[in-house]
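# what's the 3D shape of this:
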Amino acid sequence: MLGIPRRYSHFVFGIIQSGLTSLIAAGIASFPADGAVLFVRHWVVSWLIAWLAMLPIVLLAAPAIRAFSLRLTREESGA
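Numbering: from 1, shown residues only. You can find the predicted model right below:
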């Protein structure tokens with residue numbers, strides 16, 4: 001593994017999550033493209049633009065979303 005210190009795990013999570021989400025969304029948006037080459041080219045360009053746009057949003061929003069989700073849920077009793 002890369003050996004990235006655990007204190008940076010939220011950044012690693014954000015990079016992976018935003019990359020995967022934007023990859024799937026760009027693929028869906030590119031699906032109507034005519035031909036495989038055009039599809040792949042459009043998908044890659046769309047994905048890079050979407051990822052660059054989403055990465056800072058995910059990194060900034062993730063802590064707030066986590067805190068909000070913890071407020072909406074409760075610990076389960078161990079009984």
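# Please identify the longest helix in this structure, counting by residues.
helix 36-72 (DSSP state H).
# Pull the distance from that one to the chain's centre.
Distance of helix 36-72 from the chain centroid (CA atoms, centre = their mean, to the nearest Å) equals 4 Å.
# tell me the mean pLDDT for it?
Regarding helix 36-72, the rounded mean pLDDT is 89.
# in that helix, what counts as buried?
Neighbour-count burial for helix 36-72, counted by 16 or more other CB atoms under 10 Å, picks out 42-43, 46-47, 50-51, 54-55, 58-59, 62. C-beta: built from backbone N, CA, C; applies to glycine.
# and residue 51, what is it in contact with?
18-19, 22-23 (CB atoms under 8 Å, 6 or more residues apart in numbering).
# Name the SS class of residue 15, please.
Classification of residue 15 by DSSP: H, G, I helix; E, B strand; the rest coil places it in helix.
# Spit out the contact partners of it.
residue 55.
# One more: residue 37?
Per CB under 8 Å, 6+ apart, neighbours of residue 37: none.
# Please tell me how far it sits from residue 30.
For residue 37, the distance to residue 30 equals 12 Å [CB to CB, to the nearest Å].
# Good, wrapping up.
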